[in-house]
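K.L.:
Would you be able to build a 3D model of this:
(chains A and B)
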Amino acid sequence: MSNYLYILWIPLLPLATFVILGLFGRKYLSGIAGLLGTASLLTSTILSFVVAKQYFFVDGKVNGVFQKIVALKYTWLEFAPNVSIDLGIIVDPISVMMLVVVTSVSLMVHVYSLGYMKGEERFATYYSFLSLFTFSMLGLILSANIFQVYMFWELVGVSSFLLISYYFNKPSAVAASKKAFIVTRFADLGFLIGILILGYYGGTLDIGLLIERFTSVNSTQFLSITSASFLGASMLTWGLTLVFIGGAGKSAMFPLHIWLPDAMEGPTPVSALIHAATMVVAGVYLVARMFPVFSMDETALNIVTYVGAASAVFAAVIACTQTDIKRVLAYSTMSQIGYMMFALGISKNGGESGLGYMASMFHLFTHAFFKSLLFLGAGSVIHMVHSNEMKDMGGLRKLMPVTHIAFLIACLAIAGIPPFAGFFSKEEILTAAFHENKVIYGIALFTAALTSFYMFRLYFNIFWSKEPGLHSNTHNHFDSHDENHIDNSNGEGPWVMKLPLIILAICAVGVGFVPFSQLVTSDGDALETHVDVIFSIAPVVLSILAILLAANFYKNKNNKSDKVANAFGVFYTAAYKKFYVDEVYIFITKKIIFPFIGQPIAWADKNIVDGFMQLLAKTTAKISELIKGLQSGKVQNYAMYFFGGIAVLSILFLYIWK
Amino acid sequence: MNLTLLILLPLITAALILLAKGLQQIRVIGLTGAIAQLGLAGWLLKLFIAERAAGNNATHLFESNQTWFKALNINYHIGIDGISLAMILLTSVIVVAGILVSWSMDKLSKEYFFLLVLLSMGAYGFFISLDLFTLFFFLEVAVIPKFLLIGIWGSGDKTKSAMKLALMLMGGSALVMVGLFGVYYNTHTFDIVQITQQGIPVAIQKFFFPFAFLGFGVFAALFPFHTWVPDGHASAPTAASMFLAGISMKLGGYGCLRIVALMPDAAHTYSWIIITLATIAIIYGAFATMMQTDLKYINAYSSISHCGFVILGIGMMNKTSINGAVIQMVSHGLMTALFFAAIGMIYSRTHTRIVTQLGGLLKAMPFISTVFVIAGLCSLGLPGFSGFVAEMTVFMGSWQNSDGAYRLATILSGASIVVTAVYILRATGRAIMGPISDEHSILTDATWNEKLAAVLLIVGILIIGLAPFLINHLIMPSTDAIMVQMGKVIAVK
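P.N.:
Down below sits the predicted model:
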């Protein structure tokens, strides 16, 4: 087994960039901050590919099965003997795959931002935060200890917070960043308790050991966690469900998704990196990381399945109605992550029935490329039009040819049209769903059609709809992006913005041909899959029909879509209002927690608890006021008390006590 | 090393301050003295580690025992273990930072610096005492300066706040005294080591434990005796707030821990009460914080919540949780001092602490705002900062008690991390981010002394946050010793 310790450099380089830019960037390095960040990440990316080559094609396999290798383990914080947070590096198919995804997409975003964020006052800060995020995300995927996952989990959360609130003087950005952090924090509480449960019964926090102990049905740990129960569910179910809640928060699963659309307040390249390709799939990755344990508990897996499927269809419906292009993409992300989740949920561990697991990871992989491409393309559009709203766009295909083609490729990929990347991964998911659960298969098929529809609704609205040139002056009255300094004649922006689009477009076509079933499977053993042409007919035809419908509605300006919207009536309004989930949250926080918990406590503290203390003080003062007359210093009074006392005592002694 | 140096050094500094003339001389002497303390504490750490490495496994190192008052068997018995050393280091860091932020205190500066230094002497004496009477003596030394610091240099309703704080802490002291004297009349000694060896009869423990524990609890802001905290902090000048939260509240936590170790049977019996009060403090403090609008009140109430973790860890009475409690004391001391320093810097420039009157400070004062955000992130338990290490250790420890009610307490306390995020982000979002007003946009950023103070505290937070194994190695043998003691006494019963 060869030495993988050099992987350490992959997260350490962005960390170093973060520290250097964070400390000195503002004053001394603002000119070269972007280049510095990009250069260090380029090195990380190259290293990641070296690791991938070495692991997948040289020495990752022993007897034909990919091994889990712990390349580093350092005890960082010991709680009790054997229970400690270890900082470690795990090398296995999914972590290596994620290394490639995270570094590649991050590199593209770094390059793109050189143009997009040019001229920003806090340019160096932006790159330092970007580096912090990349470091945290890499730390997360390399974690070999579940508490280590939690640590980096929190760190990606805070990087996301810092980047969403990058335009910190914009109240909506600040509000969005707060929402993102608090909602995911709430979910993280579940994760934390889940870790406590699994750690307590497992007697370790090491993921490998946890898996080993909880997957052998005769181990004392497995017996104790399954025999202990609370409210009718075993502690294993509880632990896993709570861990999944953490994952659902980060991955924007229903009903913890409300932060994701708002997070679009951040700069668009950030959305491409964090809120499309990497951080939001952390939840999927977490379930995959713990998958052998999940596979031991039917209930927990069912929860994963149904939450994932519900999120997929729920988000797809909303995406059809939104008009802010980044929000459409945000809901689309949520929907696709739902796909990955239920694919995991219906999977089993190992063998042929582990297809769902492989499909989920495959979809995660392809989705990262085409979704970040969609966001970066949207970024270019926004950069030019200075608006996020569809109505301000249209007819851009001539003005932005590169963006247009790249965006079209990404749309075809997400719609699952062969031979684009999304087709292959979606196909595997649908096959797995077809074999395991027909209801889920139906939902998945319906969602796939919706996906094609809203993606092409987006595409036609941006690039067709109006005649070219109509919009050329529209940007004057929009100020949603005050960061732009590039005049319109520049078109799609400098080459640093076009190059990532081209590279990602090539990926969106090519990555579907990666022989994933040979590389990333639940048990490390290669899986035999084949694309079944007959099976593919239904989803592809559905997709094409949906695209044609979208073309009919939106290719040329007409009011057909409005008519349909009116026909749906209340349902359309509900979808447009995102099914009022935000309102429910606002009601619970603003109308219940604040007035009925927060305020009474603050009031009680002032008036009851402190009031009692004040009362003690006042009573003491009152008593002393009452008895201070006794020490008046007047001798005649003392004499009177003296004789009075004697008189009373005499009476007592003489008559009462005898 | 002679630990008495830790008391003599502040004493000499204080005397020199009284002799000095002019603000410049006074503050230079004060700072020199503070840095000397820090150096001394650092040197002590080095010696301590060297002794341990050399295989000296005695519970207390650098012990020294002199008769103080023979008739009552009172001894000046001093010595330190890892826990006391951690507290000494904390104190010395906060003293330097506190002196630095008071650099331009021109009102009665001689008296101000004198009192600050005197307070630190009380704290050192307290942390090195192995004799209950000496311990109590130094506890009192540390109370009086606080009254004056708030009463003279404070703001707002300072007289009332100073009275409230002094009276409540005195009340706490009285309870402590009853508890300690109760122990004395049954063991005929004040010596902690001796008492631990011979043990205290269970009935006596059960009677006197509540007095001593609650007494120290008042110092540690134990619910419902926490009400001096918000008003006291809000009125105190910046350095006094830092000392108050960073050092004084730790006297309470440290005292509680020693009392639990001294009377483990009673602590066992009452642990459910301790845990209940701690859980209430954590949740209640967090929700109360959420409703505050004054930055100092926000930090004061959040201190109540965070100090609840100290009590929770102690009350859970296992090795991990007690470890966590000690780390939380150090962590909270540094973090809250940093928070108060940042708030002081903001207040001295904007002349307001009300969040709704602030906004966008990041634009005008990036350094101070970054410090504020770092303190906030530490408070909400972000990995990489000390708060995370401390809270997670407490959680892990608490969870080891498999009793359902204890589990519930752990979950409820854990839930506070969400509420903490809410109030920290609310304050940050309002004061640091958002649009800035014109009058605030011309304000200047931190001066060198303020920067130095902040950096010092942040370094402390980062050392614990990034390399928790260091502090763990320091205190773990001592918590082990405490567990052995407690186990032995409980077994004897």
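K.L.:
separation between the residue of chain B lying at maximal distance from its centre and residue B:349?
P.N.:
Computed with C-alpha atoms, centre = their mean, the maximum C-alpha offset from the centroid of chain B is found at residue B:438, amounting to 38.3 Å. To residue B:349, residue B:438 is 14 Å away according to C-beta to C-beta, to the nearest Å. Every residue, glycine included, has its C-beta placed from N, CA and C.
K.L.:
ok, now residue B:386?
P.N.:
27 Å.
K.L.:
out of these two, which sits in the busier spot?
P.N.:
Neighbour comparison, residue B:386 and residue B:349: the larger count goes to residue B:386, with 26 against 17 (by other C-beta atoms under 10 Å in any protein chain shown).
K.L.:
got the contact list for the more buried one?
P.N.:
B:327, B:330, B:331, B:334, B:335, B:378, B:460, B:461, B:462, B:464, B:465, B:468 (C-beta atoms under 8 Å, 6 or more residues apart in numbering or on different chains).
K.L.:
Okay, strands next: where are they in chain A?
P.N.:
All strands of chain A, identified by DSSP state E, fall at A:61-62, A:65-66, A:69-80, A:83-91, A:229-230, A:233-234.
K.L.:
Just say which of those strands is most tucked in.
P.N.:
strand A:83-91 (a mean of 22; mean count of other C-beta atoms under 10 Å in any protein chain shown).
K.L.:
Now do that strand: which elements does it pack against?
P.N.:
Contact here means 3 or more C-beta pairs under 8 Å, 6 or more residues apart in numbering or on different chains; DSSP states H and E; on that basis strand A:83-91 packs against strand A:69-80, helix A:123-142, helix A:146-164.
K.L.:
Mind putting the strands of chain A into TSV with mean pLDDT?
P.N.:
Formatted as TSV, the strands of chain A follow (pLDDT from 0 to 100):
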stretch	mean pLDDT
strand A:61-62	82
strand A:65-66	85
strand A:69-80	87
strand A:83-91	90
strand A:229-230	83
strand A:233-234	86
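K.L.:
For residue B:454, which of those strands is the nearest?
P.N.:
When the strands of chain A are compared by C-beta to C-beta, strand A:69-80 sits nearest residue B:454, at 25.6 Å.
K.L.:
number of nearby residues for residue B:108?
P.N.:
With other C-beta under 10 Å as criterion, residue B:108 counts 13.
K.L.:
show me where pLDDT drops low in the stretch 251-400 of chain A?
P.N.:
Applying pLDDT under 70 to the stretch 251-400 of chain A flags no residue at all.
K.L.:
quick one on the thing from earlier: measure the residue farthest from the centre of chain B to chain A for me?
P.N.:
13 Å (C-beta to the nearest C-beta, to the nearest Å).
K.L.:
pLDDT (mean, whole number) over stretch B:195-203?
P.N.:
For stretch B:195-203, mean pLDDT is 86.
K.L.:
Distance from it to the middle of the chain?
P.N.:
28 Å (C-alpha atoms, centre = their mean, to the nearest Å).
K.L.:
Count the neighbours of residue A:495 for me.
P.N.:
Neighbour count for residue A:495, taken as other C-beta under 10 Å: 13.
K.L.:
what's downstream of the lengthiest strand in chain B, the next helix or strand?
P.N.:
Identified as the longest strand of chain B according to DSSP E is strand B:61-69. Downstream of strand B:61-69, the first helix or strand assigned by DSSP states H and E is strand B:74-80.
K.L.:
pull the CA atoms of that next one into CSV?
P.N.:
Taking Å, rounded to 0.1, in the frame of the first residue of the first chain, the C-alpha atoms of strand B:74-80 are listed here in CSV:
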residue,chain,number,x,y,z
ILE,B,74,-4.8,28.1,59.7
ASN,B,75,-1.9,27.6,57.4
TYR,B,76,-0.6,29.5,54.4
HIS,B,77,-0.6,26.3,52.4
ILE,B,78,-0.1,26.8,48.7
GLY,B,79,0.5,24.6,45.7
ILE,B,80,-0.9,24.1,42.2
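K.L.:
Would you quantify the distance from residue B:321 to residue A:194?
P.N.:
Per C-beta to C-beta, residue B:321 is found 20 Å from residue A:194.
K.L.:
can you pull the contacts of residue 77?
P.N.:
If you meant another chain, say so; for now it's chain A. Neighbours of residue A:77 in contact, by C-beta under 8 Å, 6+ apart: A:84, A:85, B:389, B:392, B:393, B:468, B:469, B:472.
K.L.:
I was thinking of chain B, sorry if that wasn't clear
P.N.:
B:63, B:64, B:65, B:66, B:129, B:130, B:131, B:134, B:191, B:192, B:193.
K.L.:
please redo it, this time with the cut-off set to 7 Å
P.N.:
B:65, B:130, B:131, B:134, B:191 (C-beta atoms under 7 Å, 6 or more residues apart in numbering or on different chains).
K.L.:
try residue A:176
P.N.:
Contact analysis of residue A:176 by C-beta under 7 Å, 6+ apart lists A:164, A:262, A:263, A:265.
K.L.:
for those, which one is nearest chain B?
P.N.:
residue A:164 (11.0 Å; C-beta to the nearest C-beta).
K.L.:
follow-up on the earlier one: any quick ChimeraX command for the buried ones out of the contacts of residue B:77?
P.N.:
Buried subset of the contacts of residue B:77, written as a ChimeraX selection, criterion 16 or more other C-beta atoms under 10 Å in any protein chain shown:
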select /B:130,131,134,191
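K.L.:
Between which two of the contacts of residue B:77 is the distance greatest?
P.N.:
Top of the distance list for these (C-beta to C-beta): B:65 and B:134, 10.6 Å.
K.L.:
helix or strand for the nearest residue to residue B:470 once chain neighbours are set aside, which one?
P.N.:
In this structure, residue B:470 finds its nearest non-sequential neighbour in residue B:463, 6.7 Å apart by C-beta to C-beta, 6 or more residues apart in numbering or on different chains. Here residue B:463 sits within helix B:448-466, counting by DSSP H and E.
K.L.:
would you put the C-alpha positions of that helix in CSV?
P.N.:
In CSV, the C-alpha atoms belonging to helix B:448-466 read as follows (Å, rounded to 0.1, in the frame of the first residue of the first chain):
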residue,chain,number,x,y,z
TRP,B,448,-1.9,49.9,18.9
ASN,B,449,-2.7,49.1,22.5
GLU,B,450,-6.2,47.9,21.6
LYS,B,451,-4.9,45.8,18.8
LEU,B,452,-2.3,44.2,21.0
ALA,B,453,-4.9,43.4,23.7
ALA,B,454,-7.2,41.8,21.1
VAL,B,455,-4.4,39.8,19.4
LEU,B,456,-3.2,38.5,22.8
LEU,B,457,-6.7,37.2,23.6
ILE,B,458,-7.3,35.8,20.2
VAL,B,459,-4.0,33.9,20.3
GLY,B,460,-5.1,32.3,23.6
ILE,B,461,-8.4,31.4,22.0
LEU,B,462,-6.7,29.9,19.0
ILE,B,463,-4.2,27.9,21.0
ILE,B,464,-7.0,26.1,22.8
GLY,B,465,-9.1,25.9,19.6
LEU,B,466,-6.5,24.6,17.3
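K.L.:
of all the helices and strands packed on strand A:83-91, which has the lowest average per-residue confidence?
P.N.:
For the helices and strands packed on strand A:83-91, mean pLDDT drops lowest on strand A:69-80, to a mean of 87.
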